[in-house]
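Undergrad: Below are the sequence and a predicted model for it; my questions follow.
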Amino acid sequence: MASAAEMIARLAAAGQKLTEAQAKAAAAAQDVNEARTLVAGALEGASGQLVGVLDSVRASMAQAAGSVTPAQHGIQETIARVQALGN
């Protein structure tokens, strides 16, 4: 079994990966929104279904970015528990 310090290091690394994933998901949502704007402009209002699909994709990406926060809190709580057990 890993030592408390090793567990904390791994959990901290996982937290960092989640932070990176959150930033990437937020950036992807923005990219999809920009694509939506381009499609809507190119098709001048005749793009209803395609714009709807892009809205759905953007919303999914934004939701994914927002879902990271509870996981990060869980990691922080677990780190605190490991630290408490280590003392």
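TA: Now that the structure is in, tell me what you want to look at.

Undergrad: list the buried ones in whichever helix or strand Ala42 is part of?
TA: Under the criterion of DSSP states H and E, Ala42 resides in helix 4-43. Buried residues in helix 4-43, counted by 16 or more other C-beta atoms under 10 Å: 7-8, 11, 14-15, 18, 22, 25-26, 28-29, 32-33, 36, 40. Just so you know, the C-beta spots here come from the backbone N, C-alpha and C atoms, and that holds for glycine as well.

Undergrad: quick check, nearest of the residues you listed to Leu85?
TA: Met7 (9.5 Å; C-beta to C-beta).

Undergrad: phi, psi of Thr69?
TA: phi -60, psi -50 (degrees, to the nearest 10).

Undergrad: how far away is it from Ala25?
TA: Applying C-beta to C-beta, to the nearest Å, the value for Thr69 to Ala25 is 12 Å.

Undergrad: what is in contact with those two at once?
TA: Overlap between the contact sets of Thr69 and Ala25, as judged by C-beta atoms under 8 Å, 6 or more residues apart in numbering, is nil.

Undergrad: how many other residues sit next to Ala65?
TA: A total of 19 residues lie near Ala65 under the criterion other C-beta atoms under 10 Å.

Undergrad: same deal with Ala80?
TA: For Ala80, the count of nearby residues is 11 (other C-beta under 10 Å).

Undergrad: Contacts only, for it.
TA: For Ala80, the contact set (C-beta under 8 Å, 6+ apart) is empty.
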